[in-house]
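**Q** I need the structure of the sequence given here:
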Amino acid sequence: MRQLRVERVGIRIDRSGLNPFADLKLLGSYRRRLKRLSPAAYLGYTIKPNIYGSIAAASLKIPAIPNVSGLGTTFMRRGPLRQIAIVLYRAAFRRAAIVFFQNPEDRQLFVDLRIVAADRARLVPGSGIDLDRFQLAPFPASGPVFLLIGRLLKDKGVREFVAASRLVRTEFPAARFQLLGPIDEGNRSAISTAELHSWVEEGCVEYLGATDDVRPCIAGASVIVLPSYREGLPRSLLEGAAMGRPLIAADVVGCREVVEDGVNGFLCAPRDKIALARAMRNIAVLPARERAAMGQSGRRRVQERFSESVVIAAYLEALAEVDPARQPI
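**A** This is a model prediction of the structure:
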């Protein structure tokens, strides 16, 4: 951080909490810090920073550039929580300079709901992948090895992954199924520690824990799997593709931006263990050269559409618009 001349300022956030008093306290924290820093712009990311950070920035006449990285559980289910979220997003984005979205469907939804005007809603290809850091890796000698990377949540399709593993192992007993990611029991969609341990004891999955560096785990896998119910633009799929791995994902918002069915992987029906198992079998029976070709196609797709340089350029352009003195380098 010091080498980059970046000052790190911590803000305590209860990510999944619904306490309005805690959220008002968070709003006050953002306002105090932004007032002290007096930045050229506020760049938000994820739900609470986008909402409360943008409201605080607007109150201080600081341009806000939030990035809607995904809509999460709240927007998957109709009900009072969804309506509250819509009202809060409208308040937050009403005066936002530019709002970035990571897939066209989320963008269109926010425009249709009158949360943001179409001329201020822009697409950006995720948070960008560093292609020097995520390089092609040779496939493991044994396999196939199916890896799901993400928080252990029901909405990530973890239960479907486990159910599909039981089906596939009957035909491919040497196949391995791995989960990598934190247990997030504070989330309403969380998989419990007890349930995870029961799967491991059954032998249908391996739990790799959590890590700050996913590259060794991707290198040890044959296929990256994400049967999520909805995504913004899933980084796990992009990182897997950058390292030359075929992908399997549910045919949902976000995932279909990354996976071109039959080219760099397979899409399957969401919330469907049978469809997921079928996609796994399709990958398992592919000759090694065809599996490698799929991986190469994924790498090219990331290079062309999702590289870090594309995202940086989009932010520099946005910053130049809100602060003409800061022209792109």
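
**Q** for the stretch 101-250 of the chain, which segments count as strands?
**A** Along the stretch 101-250 of the chain, the segments classed as strands by DSSP state E, counting those that start in this stretch run 121-123, 145-149, 176-180, 206-207, 223-226, 247-250.

**Q** quick one: average pLDDT of the fifth one?
**A** Yep, that's strand 223-226 we're talking about. Mean pLDDT, computed over strand 223-226, is 98.

**Q** what does that strand contact?
**A** The contact list for strand 223-226 (Cβ atoms under 8 Å, 6 or more residues apart in numbering) reads 144-150, 156-157, 161, 218, 234, 236-237, 239-241, 245-250, 255, 265, 276, 280, 283. Just so you know, the C-beta spots here come from the backbone N, C-alpha and C atoms, and that holds for glycine as well.

**Q** and the last one, by the same measure?
**A** Counting by Cβ under 8 Å, 6+ apart, the neighbours of strand 247-250 from elsewhere in the structure are 146, 157, 223-229, 234, 237, 240-241, 255-256, 258-259, 264-271, 276, 279-280, 283, 298.

**Q** same deal with the first one?
**A** Contacts made with strand 121-123 from outside it, assessed by Cβ under 8 Å, 6+ apart, are listed as 98-104, 107, 110-111, 314, 318.

**Q** and stretch 270-282, which residues are buried?
**A** Using 16 or more other Cβ atoms under 10 Å as the test for burial, stretch 270-282 gives 270, 272-273, 275-281.

**Q** phi, psi for Gly244 please.
**A** The phi/psi pair for Gly244 (degrees, to the nearest 10) reads phi 80, psi 30.

**Q** same check on Lys25?
**A** phi -60, psi -40.

**Q** check the one 5 residues further on too.
**A** When read as degrees, to the nearest 10, the backbone of Tyr30 gives phi -60, psi -40.

**Q** can you offset everything so residue one is 28?
**A** I'll keep to 28 as the first residue from here, and by that count the last item is Tyr57.

**Q** quick check, it in contact with Ala85.
**A** No: contact criterion Cβ atoms under 8 Å: Tyr57 and Ala85 do not qualify, at 10.8 Å.

**Q** the two - which one has more neighbours?
**A** Neighbours were counted for Tyr57 and for Ala85 using other Cβ atoms under 10 Å; Tyr57 has more, 24 against 19.

**Q** can you get me a residue count around the nearest residue to Tyr256 once chain neighbours are set aside?
**A** Nearest residue to Tyr256, sequence neighbours excluded (Cβ to Cβ, 6 or more residues apart in numbering): Asp182, at 4.8 Å. When neighbours are defined as other Cβ under 10 Å, Asp182 has 19 of them.

**Q** show the pLDDT at Asp182.
**A** pLDDT at Asp182 comes out at 92.

**Q** what residues are up against Gly271?
**A** Contacts of Gly271 (Cβ under 8 Å, 6+ apart): 163-164, 319, 322-323, 325-326.

**Q** quick check, pLDDT for Arg35.
**A** Looking at Arg35, its pLDDT reads 84.

**Q** for PyMOL, write a command that selects the buried ones of the contacts of strand 274-277.
**A** Selecting only the buried members of these in PyMOL, with burial defined as 16+ other Cβ under 10 Å, works like this:
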select buried, resi 173+184+250+251+252+253+254+255+256+261+264+267+268+282+283+285+286+291+292+293+294+295+297+303+306+307+310+325
